[in-house]
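Chemist: Next come a sequence and a model predicted from it.
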Amino acid sequence: CVALKRSSNVNEVFCIPGNAGTNNIAKNINLNLSDFEKIKDFFISNEIDLALIGPEKPLVDGIVEYLENHNIKVFGPNKKASQLEGSKIFTKNLCKKYNIPTAKFGIFKNFQSAIDFLKNSTFPIVIKADGLASGKGVYISENMEEATQAVKEIFDGKFGETEQILIEEFLDGDEMSYFIISDGKSYKKFQTAQDHKRVFEGDMGKNTGGMGAYSPSKLINDNLDDKIIKKIIEPTLKGLKELGVSYEGFLYAGLMIHNDEPYLIEYNVRMGDPECQTILPKLKIDLFDVIKSCIDKNLDSLNLDWSSDKSLCVVLCSKGYPDKFDNEIEISNLENLQISGNNEFIFHAGTKIVDGKIYSNGGRVLNFIKISENFKNSRDSIIKKINDLNWSNGFFRKDIGYKV
Ligand code: AMP
Ligand code: GLY
């Protein structure tokens, strides 16, 4: 919203449903993201020119073709293309067919067959629910007891109805988030980042949606970049094309890098969160022009220009996340923080505004971003800001970027 609002070609931004932060930038519209019909009616009655779909659920449910069928211009991948995120098994089968490097895997349709397989496996091992699970449907099990519990929870429906689970080899290495943007005809690289998925410092504890990120990833170099494109990105786009699917939107490859070789862990069909907050402030051209060039299918003639500075983001979370946490805890001190808006930002996630007061409304609440000439300075400055805020229900990782 911040990036779009800066564009001289954008008159007004609406945000569905929005939060306390977007309330200052855009007009928040309280509609349910599953109610495509109401969303379509809202677009038509307000003569809105362009829909930009952020989260994965409506993409996977087919909002792109729904709105396009009503002559609304949309940026985002369609339902078939969104299977890359919506079904891990779809992606794994694509990997198999096109020799895309990824963890070895098996697909299991019931509790007993999964347990029989696990009895002959080595640990740690990775167990995943097939569908969307907000980054939480993944277990890294150290022994048979943990693995049994994981399989049971998934088949018991903890992440929604599941007919199949995936059991895969544990990949050792360093993670990297790798982005491209595509108009269906050509694509452009859209920077790298390293997310920090585990809830505690030193990458301990449960997986989350992401506790912080920095960009660019320390791992990227020309040689590795070339391998990612040739072995992962291009075969994926080719595979989709052979299924009659063109990919339009952001594509995020979650990679594991081991001995300078990339392995695909997963795809997301959107910018990541908190990677989006970390990467977009470095874009030196108008984001709307980028999106427009995709809609017009002339992305190949656009020159993306990026700041060479280091960007870092720390996520302030609700105590207890990713398990149980309290909502609606007031965040009182926010307007007193000095934020430049040039190389410092606070982007809201799970917040809401009621009678002019800001309250938490989710596990990940605020993203603190700083861009500077080095990651350590960025992080120090952010930690100071979070301490100044002094929100009683908050916690955060103080070690984002520790591998650099
Ligand atoms: P996913 O939702 O598939 O991205 O998995 C969430 C997180 O679990 C990843 O970002 C990794 O940190 C971890 N993970 C998933 N699959 C594997 C694997 N095969 N080996 C090691 N770690 C994994
Ligand atoms: N940061 C990981 C994600 O957005 O899925």
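Modeler: Looks like it came in fine. Ligands and ions are numbered 1, 2, ... in the order given.
Chemist: switch to C-alpha atoms for all contacts and neighbour counts from now on
Modeler: Fine.
Chemist: How many neighbouring residues does the nearest residue to residue 326 once chain neighbours are set aside have?
Modeler: Sequence neighbours aside, residue 318 is the residue nearest to residue 326 in space, at 7.1 Å (criterion: CA to CA, 6 or more residues apart in numbering). By the criterion of other CA atoms under 10 Å, residue 318 has 27 neighbours.
Chemist: can I assume residue 318 is in contact with residue 351?
Modeler: No - if you go by CA atoms under 8 Å, residue 318 and residue 351 don't touch, sitting 10.7 Å apart.
Chemist: and for the two, which residues touch both?
Modeler: Overlap of the contact sets of residue 318 and residue 351 (by CA atoms under 8 Å, 6 or more residues apart in numbering) consists of 360, 362, 365.
Chemist: does the second one count as helix, strand or coil?
Modeler: Of the three states, residue 362 takes coil according to DSSP: H, G, I helix; E, B strand; the rest coil.
Chemist: which one of the shared contacts of residue 318 and residue 351 is nearest ligand 1?
Modeler: Nearest to ligand 1, judged by CA to the nearest ligand atom, of the shared contacts of residue 318 and residue 351 is residue 362 at 19.1 Å.
Chemist: sec struct for the residue of the stretch 251-400 of the chain found nearest ligand 1, please.
Modeler: Using CA to the nearest ligand atom, residue 266 is the residue of the stretch 251-400 of the chain that sits closest to ligand 1, at 4.9 Å. Counting by three-state DSSP, the backbone at residue 266 sits in strand.
Chemist: I'd say it and residue 256 touch.
Modeler: No - here residue 266 does not reach residue 256: they are 9.6 Å apart, not a contact under CA under 8 Å.
Chemist: nearest spatial neighbour of whichever residue of the chain sits closest to ligand 2, skipping sequence neighbours?
Modeler: Among residues of the chain, the one nearest ligand 2 by CA to the nearest ligand atom turns out to be residue 272. It sits 3.3 Å away. Across the structure, with CA to CA, 6+ apart as the measure, the residue nearest residue 272 apart from its sequence neighbours is residue 252 (7.0 Å).
Chemist: and what of residue 34?
Modeler: Once flanking residues are discounted, residue 34 sits nearest to residue 58: 6.5 Å by CA to CA, 6+ apart.
Chemist: any idea which helix or strand carries the one you found?
Modeler: Here residue 58, judged by DSSP states H and E, is contained in helix 56-60.
Chemist: helices and strands around that helix, which ones?
Modeler: For helix 56-60, the elements it packs on are helix 83-86, judged by 3 or more CA pairs under 8 Å, 6 or more residues apart in numbering; DSSP states H and E.
Chemist: ok, residues contacting the first helix or strand past the helix it packs on going along the chain?
Modeler: Tracing the chain past helix 83-86, the next element assigned as helix or strand by DSSP H and E is helix 88-97. Residues outside helix 88-97 that contact it (CA under 8 Å, 6+ apart): 83-85, 100-102, 105, 107, 130-131, 166, 236, 239, 266-267.
Chemist: from the chain's centre, how far out does the helix holding residue 58 sit?
Modeler: On the basis of CA atoms, centre = their mean, to the nearest Å, helix 56-60 sits 12 Å off its chain's mean C-alpha point.
Chemist: Export that helix to PDB, keeping only CA atoms.
Modeler: C-alpha atoms of helix 56-60 as PDB (Å, rounded to 0.1, in the frame of the first residue of the first chain):
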ATOM      1  CA  GLU A  56      -2.600 -17.100  -1.000                       C
ATOM      2  CA  LYS A  57      -6.000 -18.300   0.000                       C
ATOM      3  CA  PRO A  58      -8.100 -16.200  -2.400                       C
ATOM      4  CA  LEU A  59      -5.500 -17.000  -5.200                       C
ATOM      5  CA  VAL A  60      -5.800 -20.700  -4.600                       C
END
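Chemist: Check which residues of the next helix or strand after that helix are buried.
Modeler: Where DSSP H and E defines the elements, the next helix or strand beyond helix 56-60 is helix 63-68. Of the residues in helix 63-68, those with enough neighbours to count as buried (16 or more other CA atoms under 10 Å) are 63-67.
Chemist: Check which strands are paired with the very next helix or strand once past helix 63-68 and give the direction for each one.
Modeler: Counting by DSSP H and E, the element after helix 63-68 in chain order, helix or strand, is strand 73-75. When sheet partners are counted by DSSP bridges, strand 73-75 sits next to strand 50-52 (parallel).
Chemist: TSV please, covering the shared contacts of residue 318 and residue 351 and showing distance to residue 152 and pLDDT.
Modeler: TSV is the format used below for those (distance: CA to CA, whole Å; pLDDT from 0 to 100):
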residue	distance to residue 152	pLDDT
360	32	98
362	26	97
365	31	98
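Chemist: Can you lay out the buried residues of helix 63-68 as CSV showing distance to ligand 1 and pLDDT?
Modeler: CSV is the format used below for those (distance: CA to the nearest ligand atom, whole Å; pLDDT from 0 to 100):
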residue, distance to ligand 1, pLDDT
63, 22, 98
64, 23, 98
65, 25, 97
66, 27, 98
67, 28, 98
